[in-house]
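K.L.:
Sequence and predicted structure, then a few things I'm wondering about:
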Amino acid sequence: MKNNHWLWYALLILVFMTGFIVRMSDLFDAPLDFHPTRQLHSALIARGMYYQTREDFPEWKREMAYKQWQAEGLIEPQVMERLTVLTYQLFGSEQLWAARLWAILFWMVGGVFLFRLTEKIADFAAGTFAVMFYMIWPYAAAASRAFQPEPLLIVSLLAALWAFSNWIEKKNMIWTIITGLLCGFSIYVKSTAVFFLAPAIIGVLIQNLGLKNVVKDRRVWTIGILSVVPYMAFLFYGIAIRGTLGEQFSFRFFPGRWIDPLFYLQWILEMDNAIELVIVLASILGISLFTKKKYFFLLVGFLLGYVLYGFVFSYHITTHDYYHLPLIIPVSIGVGILLGKILKVSERNRNITKVIFTCVVLMFIGINAWQIRSSLSRMNYSNEIKKWEFIGEKLGPESRVIGLFPDYGYRLAYWGWMYVSSWTTSDDVILRELAGQEIDLEDELAHRISDFDYFVIADQEEYQKQEFLKVYFESKFLKKEEV
């Protein structure tokens with residue numbers, strides 16, 4: 001490697017450039033390519049914020065944008081939304097692609113921290129391979145363009161782990177403060193970061209200092225206090241001042257699922273949708289066999305945190321693939337370490353082995369990059385936008401609308417400029433039943449429908465699942481139009 005150092009830098013630059021270029025494909029299309037419900041949630045919040053700064057916009061739109069913003073509630077600190085609004089103000093108009101650009105930027109910066117962290121844990125080659133997987137894996141490419149907090153969460157986790165890896169070596173107060181601040185920011189961005197950072201850091205602290213010394217060490221207390229203060233301040237604001245944040249903790253914890261074998265199968269299958277199981281197992285093998293002792297507990301702690309996180313969010317871990325996205329960090333590092341070791345073995349053999357290894361690496365980059373670009377290029381949501389704009393015009397912004405929609409009606413709300421209420425879906429019923437609630441949809445329909453002007457059926461699959469709705473509408477003959 002020492003003789004071909006420039007080749008490694010060239011490969012690293014190639015990986016970063018390829019990762020950036022493929023993510024920029026189809027930049028200006030609507031954010032419907034990856035969990036549109038979650039992305040349009042943030043889009044409505046950002047638009048509501050932005051329209052309150054523009055007195056030259058129509059008053060009814062400013063009022064509607066504000067109403068939609070407030071209806072979205074407060075789930076976590078709205079960092080991505082506020083950054084996007086700043087970009088709207090810079091351009092002088094609402095440019096939804098700006099959020100995608102921020103997400104890509106954060107992911108690229110995360111790659112830098114990942115390389116530095118993996119290089120410290122192993123070597124330059126392992127760092128390069130780790131970034132290669134992180135940048136070129138298809139699911140990661142899709143998730144890293146999304147208007148949601150996950151891309152910022154990933155870069156903040158990587159920055160915090162990198163800072164702590166420096167603390168492990170130096171243990172001075174400067175790196176103590178930097179680590180605490182970065183951990184605090186990561187937990188502030190999304191509170192679930194604590195599941196990954198706490199076990200990773202605590203395991204290393206106990207291994208380095210011993211349990212008794214950990215409790216007494218002022219550096220440990222400094223990291224802990226700086227880590228929790230930002231989110232505790234947000235928590236106080238959300239619960240005590242806004243009074244709405246507490247609602248976000250409902251429908252989250254279902255320990256009854258732990259004794260159901262189907263839960264574990266669903267967990268594995270959903271994880272496999274994000275990162276294939278065989279790659280996860282290979283990365284764990286790489287971490288277990290080849291990681292330096294002082295970093296072993298850092299990565300194992302992160303993985304144990306992921307398991308704990310899955311048990312706490314036992315419903316969402318089986319239904320929302322982006323709940324598995326933080327796993328990209330230890331998996332990328334493990335893959336990098338494993339490939340780095342394979343490379344060293346190949347270097348001890350004939351040149352043909354090195355040529356084969358290099359070809360395999362380049363094929364991985366090329367095939368996955370082409371797959372990502374082709375997948376994104378095939379998407380065109382312009383007709384989808386026109387459809388919902390048309391429906392919004394037909395119904396009128398003053399109409400009270402309820403119905404069965406893809407993405408809970410967010411498309412009609414955003415492009416149709418309407419305040420939309422989504423009718424309870426079969427998935428909603430499952431979630432409520434897990435929480436121990438009894439659901440009577442027929443009774444709910446009788447109580448809710450009188451408050452609305454239209455019941456829009458835009459999700460035929462869900463409509464077929466709710467037979468009583470068909471019976472009700474056919475007997476009452478509510479107005480029906482096909483668009």
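P.N.:
All right, it came through fine.
K.L.:
Three-state assignment for residue 421, please.
P.N.:
Classification of residue 421 using DSSP: H, G, I helix; E, B strand; the rest coil returns strand.
K.L.:
who are the neighbours in contact with it?
P.N.:
By CB atoms under 8 Å, 6 or more residues apart in numbering, residue 421 lies in contact with 400-402, 409, 448, 452. (Glycine included, C-beta is placed from N, CA and C.)
K.L.:
same thing but 10 Å
P.N.:
71, 400-403, 405, 408-409, 413, 448, 451-452, 455 (CB atoms under 10 Å, 6 or more residues apart in numbering).
K.L.:
low-confidence ranges in the stretch 301-450 of the chain?
P.N.:
347-350 (pLDDT under 70).
K.L.:
can you give me the strands for it?
P.N.:
401-404, 420-422 (DSSP state E, counting those that start in this stretch).
K.L.:
so which of those gets nearest residue 388?
P.N.:
With CB to CB as the measure, strand 420-422 is the member of the strands of the stretch 301-450 of the chain nearest residue 388 (10.3 Å).
K.L.:
Pull the distance from the closest one to the chain's centre.
P.N.:
Averaging C-alpha positions (CA atoms, centre = their mean, to the nearest Å) puts strand 420-422 24 Å from its chain's average.
K.L.:
Direction included, what does it pair against?
P.N.:
strand 401-404 (parallel) (DSSP bridges).
K.L.:
Show me what the helix or strand where residue 266 lies is packed up against.
P.N.:
Element membership for residue 266, per DSSP states H and E: helix 261-274. With contacts defined as 3 or more CB pairs under 10 Å, 6 or more residues apart in numbering; DSSP states H and E, helix 261-274 has these neighbours: helix 138-143, helix 277-290, helix 293-312.
K.L.:
before we move on, the earlier item: between the contacts of residue 421, which is closest to residue 97?
P.N.:
Within the contacts of residue 421, the smallest distance to residue 97 is 19.3 Å, found for residue 413 (CB to CB).
K.L.:
Which positions in stretch 234-244 come out as buried?
P.N.:
By neighbour count on 16 or more other CB atoms under 10 Å, the buried set for stretch 234-244 is 234, 238.
K.L.:
my bad, should have said stretch 401-411
P.N.:
Residues of stretch 401-411 classed as buried: 401-411 (neighbour count, 16+ other CB under 10 Å).
K.L.:
between those, which is closest to residue 19?
P.N.:
Among the buried residues of stretch 401-411, residue 407 lies closest to residue 19 (CB to CB), at 28.0 Å.
K.L.:
CA atoms only: put the helix or strand where residue 155 lies into PDB for me.
P.N.:
Taking DSSP H and E as the criterion, residue 155 maps to helix 150-170. Output of helix 150-170 as PDB, limited to C-alpha atoms (Å, rounded to 0.1, in the frame of the first residue of the first chain):
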ATOM      1  CA  GLU A 150     -32.000  10.800   9.400                       C
ATOM      2  CA  PRO A 151     -29.200  12.200   7.100                       C
ATOM      3  CA  LEU A 152     -28.300  14.800   9.800                       C
ATOM      4  CA  LEU A 153     -28.600  12.100  12.500                       C
ATOM      5  CA  ILE A 154     -26.100   9.900  10.700                       C
ATOM      6  CA  VAL A 155     -23.500  12.600  10.200                       C
ATOM      7  CA  SER A 156     -23.900  13.700  13.800                       C
ATOM      8  CA  LEU A 157     -23.500  10.200  15.100                       C
ATOM      9  CA  LEU A 158     -20.400   9.700  13.000                       C
ATOM     10  CA  ALA A 159     -19.000  13.100  14.200                       C
ATOM     11  CA  ALA A 160     -19.700  12.100  17.900                       C
ATOM     12  CA  LEU A 161     -18.000   8.700  17.500                       C
ATOM     13  CA  TRP A 162     -15.000  10.300  15.700                       C
ATOM     14  CA  ALA A 163     -14.600  12.800  18.500                       C
ATOM     15  CA  PHE A 164     -14.900  10.100  21.200                       C
ATOM     16  CA  SER A 165     -12.200   8.000  19.300                       C
ATOM     17  CA  ASN A 166      -9.900  11.000  19.700                       C
ATOM     18  CA  TRP A 167     -10.800  11.200  23.400                       C
ATOM     19  CA  ILE A 168      -9.900   7.500  23.800                       C
ATOM     20  CA  GLU A 169      -6.300   8.400  22.800                       C
ATOM     21  CA  LYS A 170      -5.900  11.800  24.400                       C
END
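K.L.:
and that helix, what other elements does it pack with?
P.N.:
Applying 3+ CB pairs under 10 Å, 6+ apart, we find helix 150-170 packed against helix 79-91, helix 97-121, helix 138-143, helix 173-189, helix 193-209, helix 218-236, helix 293-312, helix 328-347.
K.L.:
immediately after the second one, which helix or strand?
P.N.:
Remark: after helix 97-121, the chain's next helix or strand is helix 124-136, criterion DSSP H and E.
K.L.:
tell me, what residue is most central in this protein?
P.N.:
Geometric centre of the chain, nearest residue: residue 150, 3.1 Å, by CA atoms, centre = their mean.
K.L.:
by contact count, what packs against the helix ranked longest in the chain?
P.N.:
As assigned by DSSP state H, the longest helix anywhere in the chain is helix 351-377. Helices and strands touching helix 351-377, as assessed by 3+ CB pairs under 10 Å, 6+ apart, comprise helix 5-24, helix 124-136, helix 138-143, helix 328-347.
K.L.:
CSV please, covering the helices and strands packed on helix 150-170 and showing distance to residue 270.
P.N.:
Shown next, in CSV, are those (distance: least, CB to CB, whole Å):
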stretch, distance to residue 270
helix 79-91, 24
helix 97-121, 21
helix 138-143, 12
helix 173-189, 23
helix 193-209, 17
helix 218-236, 27
helix 293-312, 10
helix 328-347, 14
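K.L.:
which residues touch residue 233?
P.N.:
Residues near residue 233 by CB under 10 Å, 6+ apart: 77, 184, 188.
K.L.:
which of those tops the neighbour count?
P.N.:
residue 184 (25 neighbours; other CB atoms under 10 Å).
K.L.:
Surely it is in contact with residue 163?
P.N.:
No - in this structure, residue 184 is not within contact of residue 163 by CB atoms under 10 Å, at 11.2 Å.
K.L.:
Quickly list what's touching both of these two.
P.N.:
Residues touching both residue 184 and residue 163 by CB under 10 Å, 6+ apart: residue 223.
K.L.:
re earlier: out of the helices and strands packed on helix 150-170, nearest to residue 286?
P.N.:
Closest to residue 286 of the helices and strands packed on helix 150-170 is helix 328-347 (CB to CB; 3.2 Å).
K.L.:
Give the buried residues for the closest one.
P.N.:
Using 16+ other CB under 10 Å as the test for burial, helix 328-347 gives 328-343, 346.
K.L.:
and that helix with helix 124-136, angle?
P.N.:
130 degrees (axes from the mean of the first three to the mean of the last three CA atoms, to 10 degrees).
K.L.:
Check which helices and strands helix 328-347 sits against.
P.N.:
Contact here means 3+ CB pairs under 10 Å, 6+ apart; on that basis helix 328-347 packs against helix 97-121, helix 124-136, helix 138-143, helix 150-170, helix 193-209, helix 277-290, helix 293-312, helix 351-377.
K.L.:
How far off centre is the second one?
P.N.:
What it means is helix 124-136. With CA atoms, centre = their mean, you get 20 Å for helix 124-136.
K.L.:
same check, this time on stretch 121-135
P.N.:
Computed by CA atoms, centre = their mean, the chain-centroid distance of stretch 121-135 equals 22 Å.
K.L.:
Kindly report the same for stretch 381-401.
P.N.:
Worked out by CA atoms, centre = their mean, stretch 381-401 lies 28 Å from the chain centre.
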